[in-house]
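# Need a 3D model of the sequence below.
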Amino acid sequence: MHTRLGAGLMLMVFSAACAADAAQPPPADASAARKPASEARTPAGTKAVPPAKPAAPKPSPPEKKPAPPEKKPAPAPPVPPPPPSPAEALRADLDRIFAKVGGPKVIVAARVIAVAPARPGDLRDGPADLPRAAPAAAAPAGAAPAAASGIAAAAAPEVLYSLRADAPLVPASTMKLVTTAACFDRLGPHWRLRTYVGRIPSSVAGAKWDLAVIGGGDPNFSAHSWGGDTAGAFRRWADVLKARGVAALGRVVLDDSLFDDAGQHPRWPADQRGEWYEAPVSALVVNDSCIDVHVKPGKAGEPAIVRVEPPGSGAAVDGVIQTVAERALHRYSIDRLPAAGPGAAVRLRVAGRFWSGAGEAVEYRAAVAPTMFFGSVLAETLREEGLAVAGPVARERLVGADGRARPDFACDVIHSSRLGATAAVANKRSQNLFAECLMKLLGAYGPLFPPGAAAGAPALPEDVLLPPRQGAWAAGAEEARRWMAERGLPLQGCVIDDGSGLSKENRLTALAVTELLRVMLERHGDAFVGALAAAGEDRSMANRLRGTAAEGRIWAKTGHVFGASALSGYVRARSGCTLIFSIIMNNVHLSEPGTTRAAQDKACLRMVEY
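This is a model prediction of the structure:
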């Protein structure tokens, strides 16, 4: 019974336990259901041990993201090119300026060199205080004279720009630089051109003396050299003669044998013989060998008033210019006839109409017989000063082959002009006559200077008045080339045909011109610089670059003939450097001179800023 009872109790307990188990909610984790019995209960009387927690699943390793592409270092910013040097900038700017000159046929040659810094005290922003009157004496070769202009020379020039620099081109009046430099360096700026004035016994009835004048090739008998009085020198001669008791003269005898008889160069334009720039050359010239023709209106319907100067010129005037009331009809002509006629230094033919409301006009015509023209003006001036002059005017040799005057020549006056001042007129005014007189003087005196001779007056005996050789274009050109060779100047391609540049046969290179200017700066300093026109101030440069940064900082020689335009000279740059430049342009069309000059001026302004 106990056994059954025990068994019954156990069955009840088991049933109750089963019911309790059935009443429990299912495990949260489905994987924990239906665990083994040994895990579901513990034997009676023992402490239940909590089931071990299942090991947490190992987390999956994080998904590896693809590695970002390796970052390349950022490229370094481009290194800006170094700024151009001043010389490179100048070259680029000059290239741009010259590329725009004229049409496609225009040829431009140019060269620019830097030779020296100016002295600090001489560098000014305003116009240069360049002496205009008396250039300094020539300095020894290699010396760098003090420079009032702020320009000084150095031994090692730097080439800043070169464009066709060795191309031989028509230089126009740049040729005057060769002529004036050769004379300047050979003879020296203080050398004197001498004219001898005296008397010889007269064969004219009632006159004891003839006036005798021996020409020295001096072109300075002109108004611009004598305060506006063309005959100013002749009046002084009259005073000397009167002071020596001379009251009357017979003939006026002129010896112009220092120069040959070729008054006008054979290769000058034949159709322009009467123009002032083709004035004939002689050892005796007055008033730039030209007649001044003044025209002013009369009353309408009456002839205009035509007057010629200087007095006693011997000019004969044919024809009439009529005064008209209509301005549209204002047109007249003054032509020089090739044959002067008996007793006339020049014969003029006038025609046309002159407006009654116009002011006086002045035109210039070349004399035909320059020596006779000189004598006519001289004789008339002596009469005005109270001397009786019976005449006539005659050309006659007074000096022998040895350069000595005939024994009965009594010298009363030695009239002289300084070569430096003569060269300045040739360059500043671009006066052809002055340059041609200097060229023939170079031909006459050149043989007196052996190679290596120092500049200065040739050693002639005191009683020798004229050199042994007669001045002529061929002799002058020969001496100019010899001088250039002795000074080491590049002659390749250079042709020297006259002294002024009027001949189209002349050829120079920009290389030769800049080297010539360098040599003259080193040897003579401001004495030669001052013989050139200052920009905005002097003569041929007076109306160029005025009011700009280049005014008073450029000294240059202009050049212009049909088809050619040029400018060469010195620049005092703002940096203190002295620049030497030469610009030569050829194949310039008639409509293009303004364009070429504008380009030259722009180049000058740019060089000033160097």
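# ok, what's across the strand from the closest residue to residue 320 other than its chain neighbours?
Closest residue to residue 320 apart from its sequence neighbours, by Cβ to Cβ, 6 or more residues apart in numbering: residue 303 at 4.9 Å. No exception for glycine: its C-beta is placed from N, CA and C like everyone else's. Following DSSP bridges, residue 303 is listed with bridge partners residue 322.
# Residue 303: neighbour count?
For residue 303, the count of nearby residues is 15 (other Cβ atoms under 10 Å).
# OK, contacts around residue 286?
By Cβ atoms under 8 Å, 6 or more residues apart in numbering, the contact set of residue 286 is 221, 222, 230, 231, 310, 373, 374, 377, 378.
# what's the answer for residue 277, then?
Per Cβ under 8 Å, 6+ apart, neighbours of residue 277: 432, 502.
# ok, now residue 267?
Taking Cβ under 8 Å, 6+ apart as the criterion, residue 267 is in contact with 497, 498, 503, 504, 505.
# what do you get if the cut-off is 10 Å, keeping everything else the same?
Each residue near residue 267 by Cβ atoms under 10 Å, 6 or more residues apart in numbering is listed here: 473, 497, 498, 502, 503, 504, 505, 506.
# Distance-wise, check the second one relative to residue 503.
Here residue 497 is placed at a distance of 4 Å from residue 503 (Cβ to Cβ, to the nearest Å).
# Now do the shared contacts for those two.
Joint contacts of residue 497 and residue 503 (Cβ under 10 Å, 6+ apart) are 175, 265, 266, 267, 268, 473.
# ok, back up a step: and which of the contacts of residue 286 is nearest to residue 492?
When the contacts of residue 286 are ranked by distance to residue 492 (Cβ to Cβ), residue 222 comes first, at 38.0 Å.
# could you list every residue that touches that closest one?
For residue 222, the contacting residues are 228-233, 285-290, 310, 425, 431, 433-434, by Cβ under 10 Å, 6+ apart.
# Name only those of the residues you listed that count as buried.
When the contacts of residue 222 are checked for burial by 16 or more other Cβ atoms under 10 Å, the buried set is 230-231, 233, 285-290, 310, 425, 431, 433-434.
# which stretches of the protein form helices?
2-23, 37-40, 86-99, 175-187, 232-243, 370-384, 419-428, 432-445, 473-486, 510-524, 526-529, 593-608 (DSSP state H).
# Between these, which one is closest to residue 68.
Closest to residue 68 of those is helix 86-99 (Cβ to Cβ; 47.6 Å).
# Which residues does the closest one contact?
By Cβ under 10 Å, 6+ apart, helix 86-99 touches 82-85, 106, 108-110, 112, 114, 158-164, 573, 575, 577, 579, 581, 583, 585, 596, 598-603, 605-607, 609-610.
# tilt between that helix and helix 593-608?
Taking axes from the mean of the first three to the mean of the last three Cα atoms, to 10 degrees, one finds helix 86-99 and helix 593-608 inclined to each other by 170 degrees.
# same question for helix 86-99, mean pLDDT?
Per-region confidence: helix 86-99 scores 96 on mean pLDDT.
# between the buried ones among the contacts of residue 222, which is closest to residue 330?
Using Cβ to Cβ, residue 290 comes nearest to residue 330 of these, at 23.9 Å.
# thinking the residue nearest to residue 320 is in contact with residue 323, fair?
Yes - look at residue 303 against residue 323 with Cβ atoms under 10 Å: they come within range, at 6.8 Å.
# Tell me the residues that contact both of these two, please.
Both residue 303 and residue 323 are in contact with 297, 354, where contact means Cβ under 10 Å, 6+ apart.
# now, which of the buried ones among the contacts of residue 222 lie within strands?
residue 290 (DSSP state E).
# Would you reformat the buried ones among the contacts of residue 222 as TSV and include distance to residue 559 and pLDDT?
Listed next are these as TSV, based on distance: Cβ to Cβ, whole Å; pLDDT from 0 to 100:
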residue	distance to residue 559	pLDDT
230	28	94
231	32	96
233	31	97
285	23	98
286	27	97
287	25	97
288	19	97
289	21	96
290	21	96
310	30	95
425	16	97
431	13	97
433	17	98
434	15	98
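# pLDDT score assigned to residue 105?
Listed pLDDT for residue 105 reads 88.
# distance of it from residue 587?
5 Å.
# so which of the buried ones among the contacts of residue 222 comes closest to residue 169?
For those, the nearest to residue 169 is residue 431 (22.7 Å; Cβ to Cβ).
# was I right about that closest one contacting residue 179?
No - assessed by Cβ under 10 Å, residue 431 is found out of contact with residue 179, at 11.5 Å.
# what residues are shared contacts of the two?
Both residue 431 and residue 179 are contacted by 437, 500, under the criterion Cβ under 10 Å, 6+ apart.
# so residue 560 touches residue 584, yeah?
No - Residue 560 is beyond contact range of residue 584, at 11.3 Å (criterion: Cβ under 10 Å).
# So for these two, which sits in the more crowded spot?
Taking neighbours as other Cβ under 10 Å, residue 560 and residue 584 compare with residue 584 leading, 29 against 20.
# so who does the more buried one touch?
Here residue 584 is in contact with 107-111, 164-165, 167-172, 174, 507-510, 513, 559, 564-568 (Cβ under 10 Å, 6+ apart).
# same thing with residue 434?
Listed by Cβ under 10 Å, 6+ apart, the contact set of residue 434 reads 176, 179-180, 218-220, 222, 281, 285, 288, 421-428, 499-500.
# Next, the buried residues of stretch 200-210.
Neighbour-count burial for stretch 200-210, with 16+ other Cβ under 10 Å as criterion, is recorded at 200, 202, 204, 207, 209, 210.
# would a markdown table of these with distance to residue 191 and pLDDT be doable?
Below are those laid out as a markdown table (distance: Cβ to Cβ, whole Å; pLDDT from 0 to 100):
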| residue | distance to residue 191 | pLDDT |
| --- | --- | --- |
| 200 | 28 | 98 |
| 202 | 34 | 97 |
| 204 | 37 | 94 |
| 207 | 36 | 93 |
| 209 | 31 | 97 |
| 210 | 30 | 98 |
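# Which members of those residues occur in strands, if any?
If you go by DSSP E, the buried residues of stretch 200-210 have 200, 209, 210 in strands.
# ok, back up a step: find the pair from the shared contacts of residue 497 and residue 503 with maximum spatial separation.
With Cβ to Cβ as the measure, no two of these lie farther apart than 175 and 266, at 16.4 Å.
# out of the two, which sits in the more crowded spot?
residue 175 (31 against 10).
# sorry, back to before: what distance do you get for the residue nearest to residue 320 to residue 321?
7 Å.
# Mind listing the shared neighbours of these two?
297, 350, 354.
# give me every residue that touches the first one.
Neighbour list for residue 297: 303-305, 321-325, 330, 353-361 [criterion: Cβ under 10 Å, 6+ apart].
# now with 6 Å?
Taking Cβ atoms under 6 Å, 6 or more residues apart in numbering as the contact definition, residue 297 lies against 304, 323, 354, 356, 358.
# ok, now residue 255?
Going by Cβ under 6 Å, 6+ apart, residue 255 touches 214, 397, 398, 399.
# Only whichever of these are buried, select them in ChimeraX.
When burial is assessed using 16+ other Cβ under 10 Å, the buried subset of the contacts of residue 255 is captured in ChimeraX by this command:
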select :214,398,399
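# would JSON lines of the contacts of residue 255 with pLDDT and distance to residue 485 be doable?
JSON lines is the format used below for these (pLDDT from 0 to 100; distance: Cβ to Cβ, whole Å):
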{"residue": "214", "pLDDT": "98", "distance to residue 485": "33"}
{"residue": "397", "pLDDT": "97", "distance to residue 485": "34"}
{"residue": "398", "pLDDT": "98", "distance to residue 485": "36"}
{"residue": "399", "pLDDT": "97", "distance to residue 485": "31"}
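# Could you list the low-confidence segments of this protein?
1-67, 117-155, 340-345, 452-459, 591, 593 (pLDDT under 70).
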